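Chemist: any chance you can model this:
(one chain, ligands or ions: 1)
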Amino acid sequence: MRVSDNPILHKLSTSSDHGFTHLLPLFIFLPQQVEISGLLRDGHESPYPEAKSALGRFWRCGPHRAKFIAKTVWNLKENLEKLGSDLTIRAGALETVLRSVIVKLREKQFNIGAVWMVEEEGDEEKKNEAALAEVCSKAGIDFHVWLDEKYFIDDRDTKLACPQDLPDVYTTYRKLMEPLREKPRRVLATPEQGSLPSRIEQSDIVDWGDPFGVPSSYEKLEEGLLAPLKVGLPEVPPFPEGAISAHPFEGGEDNAQKRLQALIKSGHANTYNDTRNGLLGPEFSTKLSAYLAQGCITARQVHEALLAFEDGRSESFAGTEGYGEGENEGTKTIRFELLWRDYMRLCTKKFKSRLFYQSGFRDDYGSKWKSPKPKETTHSQSQPNGEIEKTLKRLFAGTTGMGLIDASQRELVYTGYTPNRARQNVASFLAKHLNIDWRYGAEWYEMLLVDYDVNSNWANWQYMSGVGNDPRGEARIFNPVKQGFEYDKEGAYVKRWVSELRGLERLENIFQAWTTPEGDRDRLGLAGLEMVENPVKKIDFVVEGKPKNPRRPFNRRRGRGRGGGGGAANGCGCGGLNGQRHPAATVPQRPTSKDHRPYGPAGNFMQYNNTNGNSGDDAFRGGGGANGDGYRGGWGYSGRRADYRGGGYRGGRGGGGGPWQHNSWALPHRQMQQWPPPMATPR
Ligand SMILES: Cc1cc2nc3c(=O)[nH]c(=O)nc-3n(C[C@H](O)[C@H](O)[C@H](O)COP(=O)(O)OP(=O)(O)OC[C@H]3O[C@@H](n4cnc5c(N)ncnc54)[C@H](O)[C@@H]3O)c2cc1C
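Modeler: Predicted coordinates:
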């Protein structure tokens with residue numbers, strides 16, 4: 001999604017022997033990934049099911065990313081036009097659109113030399129590649145897949161003979177690659193104006209039989225993409241007064257370059273190592289993720305700009321502290337993080353569709369997952385009907401009562417971004433405190449993140465859920481209260497997004513509102529709020545040997561580490577979520593591989609008093625993997641779609657249903673007043 005550092009455009013603009021007279025850059029909105037019904041021509045119906053996720057039936061691409069992508073696509077079109085070329089924008093299944101374009105071009109007597117695309121990892125991406133290859137083969141057209149060069153270290157330089165050679169521990173991989181500063185390839189030159197093969201007129205390829213129209217302006221494209229997304233989003237409290245987005249950035253290659261320049265010029269790249277765990281504002285981290293995910297910028301462009309600063313080779317950075325003084329802790333850590341992204345993609349290359357398996361890269365059938373769909377629950381348990389659904393709903397809407405988690409979830413819904421530290425806590429909370437199938441969380445993030453990337457999202461969820469490439473696996477559990485004390489020292493992040501809690505002064509109350517004394521609840525208008533009266537989880541947290549809870553209801557330690565005895569919290573003797581008793585597992589256990597055993601307590605994770613919490617670790621293991629594997633397969637066009645859309649903006653097309661979808665709780669049928677909220681993305 002860029003004209004700079006683009007291997008295809010570079011090849012066409014610099015070599016004289018390619019033999020092509022014309023070039024047709026084509027961008028296709030894929031119906032399984034983005035809801036395209038808003039681009040339908042009048043009188044047409046979509047032949048595709050809604051672009052919803054497999055388990056939770058959430059939109060695959062929510063409004064924040066849809067907006068970002070619209071801007072990105074349009075900026076690419078403008079930049080190609082500046083070079084004397086153009087971008088054709090279409091919507092529909094890849095092979096359908098390609099077939100139509102081939103027919104139209106041949107009608108105009110074009111001899112089609114080749115179809116080129118850039119390789120992407122991921123199940124669907126590989127299926128798309130195969131579908132295009134087949135169309136080309138049937139049409140007698142050469143098909144070529146180009147290596148994706150938007151990563152930090154080029155695949156040709158990793159020295160991994162095959163994907164299976166990738167170490168299962170990131171640090172091992174990093175050490176193999178160090179020194180990182182010397183590894184990236186040079187950025188490819190941007191084509192000069194007029195250096196690309198001639199453009200093809202849009203009128204030569206327009207297909208009036210296509211149910212989807214080609215938007216004639218950016219505004220229309222954005223409007224078309226956002227229209228269907230006005231329903232199906234969570235009901236959250238009003239946008240908090242005074243809050244501004246940590247990610248106010250708009251899509252596109254030009255904006256990506258502006259962000260990169262500003263990051264270095266402002267000196268924020270230098271301080272990155274100290275600030276990267278921040279929670280508030282645009283500057284604590286690079287905010288390059290969405291640009292990287294969409295391919296508006298490459299990791300080696302980031303590296304090269306950092307080099308220019310470090311080596312004192314760019315006048316525009318001359319006034320910035322550290323100019324010409326070599327790599328510093330900040331710039332070094334940015335490279336380190338960019339390699340994480342490479343690593344996550346290489347994991348997909350290695351593990352392929354296991355990226356989406358409940359059992360993860362580790363093939364871990366020992367984990368005990370609860371699901372809103374009872375038949376998918378992997379251990380015997382008696383959750384009152386609908387209890388997990390309710391809990392998930394509250395988690396997604398940010399009303400659990402766990403301050404850090406709620407703040408992050410609300411920020412995500414409002415703005416499409418939430419910081420890495422918050423993401424880690426949310427994922428750990430969902431998977432390890434609530435034991436809910438981590439894939440629901442991954443799908444939720446897929447819908448809402450502006451920077452969603454298939455590899456980074458799913459592999460990070462696996463990592464945090466203990467089924468991926470974290471050597472500490474299940475043993476790493478973030479305590480969101482302790483994390484709040486460490487990373488949100490004044491409680492400002494929680495107060496920013498959970499405005500109901502702004503009147504609170506004590507940190508322990510901010511991070512767990514239920515610890516607020518009853519007298520204060522009335523005074524501060526907190527009485528009666530579900531997140532205060534009935535939190536989904538209570539964590540006993542002790543600082544300096546003293547309980548942080550003034551009422552001390554949970555101050556007795558009942559075993560350390562994950563699990564421990566079933567708690568006596570609230571006097572209900574519950575295990576797990578408030579108020580439910582878990583019987584011992586009756587389903588035979590699958591053996592847990594030795595490799596998947598939790599690693600011993602160490603380092604940056606917590607042990608907490610599980611007074612209210614989960615039952616003993618092994619007691620509820622068993623059953624393993626119901627519906628866990630391969631759930632993403634088989635996307636198809638058949639099936640009657642359940643009448644899901646309460647807003648009813650367009651009805652009557654195919655698509656899967658499922659109990660989750662029928663339950664209106666997940667995504668209330670509510671017409672949003674305005675989306676995104678006006679203050680979420682200030683211009
Ligand atoms: C549960 C979970 C889900 C995530 N989903 C995504 C996702 O869909 N897309 C995504 O880009 N990142 C994802 N991340 C990683 C990370 O949270 C974001 O990359 C980061 O918060 C984006 O903000 P930034 O650009 O300011 O990052 P910075 O801190 O400035 O990092 C610089 C760049 O390094 C890369 N990076 C940093 N950390 C990671 C990481 N853990 N994994 C992969 N790449 C990383 C990103 O490209 C990022 O832009 C996820 C993390 C978690 C815990």
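
Chemist: from here on, just use CA atoms for contacts and neighbour counts.
Modeler: OK.

Chemist: residues of stretch 333-349 that come out buried?
Modeler: By neighbour count on 16 or more other Cα atoms under 10 Å, the buried set for stretch 333-349 is 333-336, 338-349.

Chemist: an error on my part: the question was meant for stretch 12-21.
Modeler: Result for stretch 12-21 [16+ other Cα under 10 Å]: buried residues 12-13.

Chemist: can you dump the C-alpha coordinates of stretch 322-339 into CSV?
Modeler: What follows is stretch 322-339 as a C-alpha-only set of coordinates in CSV (Å, rounded to 0.1, in the frame of the first residue of the first chain):
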residue,chain,number,x,y,z
GLY,A,322,21.6,12.6,19.8
TYR,A,323,22.0,13.5,16.1
GLY,A,324,25.0,11.8,14.6
GLU,A,325,25.8,10.0,17.9
GLY,A,326,25.0,6.5,16.8
GLU,A,327,22.5,4.0,18.1
ASN,A,328,21.0,4.8,21.5
GLU,A,329,18.8,2.8,23.8
GLY,A,330,15.6,4.2,22.3
THR,A,331,16.5,3.5,18.6
LYS,A,332,18.0,0.1,19.6
THR,A,333,14.8,-0.9,21.3
ILE,A,334,12.6,0.1,18.3
ARG,A,335,14.6,-2.3,16.2
PHE,A,336,14.2,-5.0,18.8
GLU,A,337,10.4,-4.5,18.7
LEU,A,338,10.3,-4.5,14.9
LEU,A,339,12.0,-7.9,15.0
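
Chemist: got a list of contacts for that stretch?
Modeler: With Cα atoms under 8 Å, 6 or more residues apart in numbering as the test, stretch 322-339 has contacts from 151-153, 174, 180-181, 269-274, 299, 303, 306-307, 309-313, 317.

Chemist: narrow these to those in helices?
Modeler: Of the contacts of stretch 322-339, the ones assigned to helices by DSSP state H are 174, 269-274, 299, 303, 306-307, 309-310.

Chemist: how about the residues of the stretch 101-250 of the chain by the ligand?
Modeler: With Cα under 6 Å from any ligand atom as the criterion, the stretch 101-250 of the chain does not come near the ligand at any residue.

Chemist: quick one: low-confidence residue ranges for the stretch 101-250 of the chain.
Modeler: Across the stretch 101-250 of the chain, the ranges flagged by pLDDT under 70 are 236.

Chemist: not counting residues beside it along the chain, what's closest to the residue in it that the ligand sits nearest to?
Modeler: Here the stretch 101-250 of the chain gets closest to the ligand at one residue, residue 247, 8.6 Å apart by Cα to the nearest ligand atom. Nearest-residue entry for residue 247: residue 282, 5.8 Å, with adjacent residues in sequence omitted and distances by Cα to Cα, 6 or more residues apart in numbering.

Chemist: and the one you found, how many neighbours does it have?
Modeler: 16 (other Cα atoms under 10 Å).

Chemist: please apply the same query to the one 3 residues further on.
Modeler: Burial of residue 285, expressed as a neighbour count using other Cα under 10 Å, amounts to 25.

Chemist: how about the helices in the stretch 201-350 of the chain?
Modeler: 218-226, 253-265, 268-275, 289-294, 299-310, 329-351 (DSSP state H, counting those that start in this stretch).

Chemist: returning to that earlier point: weed out the non-buried ones from the contacts of stretch 322-339.
Modeler: Applying 16+ other Cα under 10 Å to those flags 151-153, 174, 180-181, 269-273, 299, 303, 306-307, 309-310, 312, 317 as buried.

Chemist: the residue nearest to residue 247 contacts residue 248, doesn't it?
Modeler: Yes. Using Cα atoms under 8 Å, residue 282 is in contact with residue 248, at 7.4 Å.

Chemist: name the nearest residue to residue 498, sequence neighbours excluded.
Modeler: Nearest residue to residue 498, sequence neighbours excluded (Cα to Cα, 6+ apart): residue 407, at 5.6 Å.

Chemist: report all helices and strands that the helix or strand where the one you found lies contacts.
Modeler: Applying DSSP states H and E as the criterion places residue 407 in helix 403-415. Judged by 3 or more Cα pairs under 8 Å, 6 or more residues apart in numbering; DSSP states H and E, the packing partners of helix 403-415 are helix 387-397, helix 420-428, helix 480-487, helix 492-497, helix 507-511.

Chemist: let's see it at 10 Å
Modeler: helix 63-82, helix 387-397, helix 420-428, helix 438-448, helix 480-487, helix 492-497, helix 507-511 (3 or more Cα pairs under 10 Å, 6 or more residues apart in numbering; DSSP states H and E).

Chemist: just want the angle from the second one to helix 403-415.
Modeler: Read it as helix 387-397. Helix 387-397 and helix 403-415 are oriented at 70 degrees to each other (axes from the mean of the first three to the mean of the last three Cα atoms, to 10 degrees).

Chemist: pull out the CA atoms of helix 387-397 and give them to me as PDB.
Modeler: Extracted as PDB, the C-alpha positions of helix 387-397 are listed here (Å, rounded to 0.1, in the frame of the first residue of the first chain):
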ATOM      1  CA  GLU A 387     -22.900 -16.800  32.500                       C
ATOM      2  CA  ILE A 388     -19.800 -16.800  30.100                       C
ATOM      3  CA  GLU A 389     -21.800 -14.800  27.600                       C
ATOM      4  CA  LYS A 390     -22.500 -12.200  30.200                       C
ATOM      5  CA  THR A 391     -19.000 -12.100  31.400                       C
ATOM      6  CA  LEU A 392     -17.600 -11.600  27.800                       C
ATOM      7  CA  LYS A 393     -20.100  -8.900  27.200                       C
ATOM      8  CA  ARG A 394     -19.000  -7.000  30.200                       C
ATOM      9  CA  LEU A 395     -15.400  -7.600  29.400                       C
ATOM     10  CA  PHE A 396     -15.800  -6.200  25.900                       C
ATOM     11  CA  ALA A 397     -17.800  -3.200  27.000                       C
END
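
Chemist: that one near the ligand at all?
Modeler: No. Counting by Cα under 6 Å from any ligand atom, no contacts exist between helix 387-397 and the ligand, the nearest distance being 13.6 Å.

Chemist: buried ones in that helix?
Modeler: 387-389, 391-397.

Chemist: on that earlier part again, now the residue nearest to residue 498: how far from residue 244?
Modeler: 13 Å (Cα to Cα, to the nearest Å).

Chemist: return only those of the buried residues of stretch 333-349 found close to the ligand.
Modeler: 334, 338, 340-341.

Chemist: so what's residue 40 up against?
Modeler: Residue 40 makes contact with 46, 91, 210-214, 224, according to Cα atoms under 10 Å, 6 or more residues apart in numbering.

Chemist: identify the farthest-apart pair in those.
Modeler: Spanning the widest gap among the contacts of residue 40 are 210 and 224, at 15.9 Å by Cα to Cα.

Chemist: comparing the two, which residue is more hemmed in?
Modeler: Legend: neighbour count by other Cα under 10 Å for residue 210 and residue 224, higher for residue 224 (21 against 17).

Chemist: right, and that one touches residue 35 too?
Modeler: Yes. Residue 224 is within contact range of residue 35, at 9.4 Å (criterion: Cα atoms under 10 Å).

Chemist: how about the residues of the stretch 301-450 of the chain that lie near the ligand?
Modeler: Counting by Cα under 6 Å from any ligand atom, the stretch 301-450 of the chain sits next to the ligand at 334, 337-338, 340-341, 419-420, 423-424, 427.

Chemist: overlap in contacts, residue 224 and residue 35.
Modeler: Going by Cα under 10 Å, 6+ apart, residues that sit against residue 224 and also against residue 35 are residue 66.

Chemist: picking that back up, looking at the helices and strands packed on helix 403-415, which one has the lowest mean pLDDT?
Modeler: Among those, helix 387-397 carries the lowest mean pLDDT, a mean of 94.

Chemist: so which elements touch that helix?
Modeler: In terms of contacts (3+ Cα pairs under 10 Å, 6+ apart), helix 387-397 is packed against helix 403-415, helix 438-448.

Chemist: which of the ones you listed sits most buried?
Modeler: Of all these, helix 403-415 has the most neighbours on average by mean count of other Cα atoms under 10 Å, namely a mean of 27.

Chemist: for that helix, what is the average pLDDT?
Modeler: On average, helix 403-415 scores 97.
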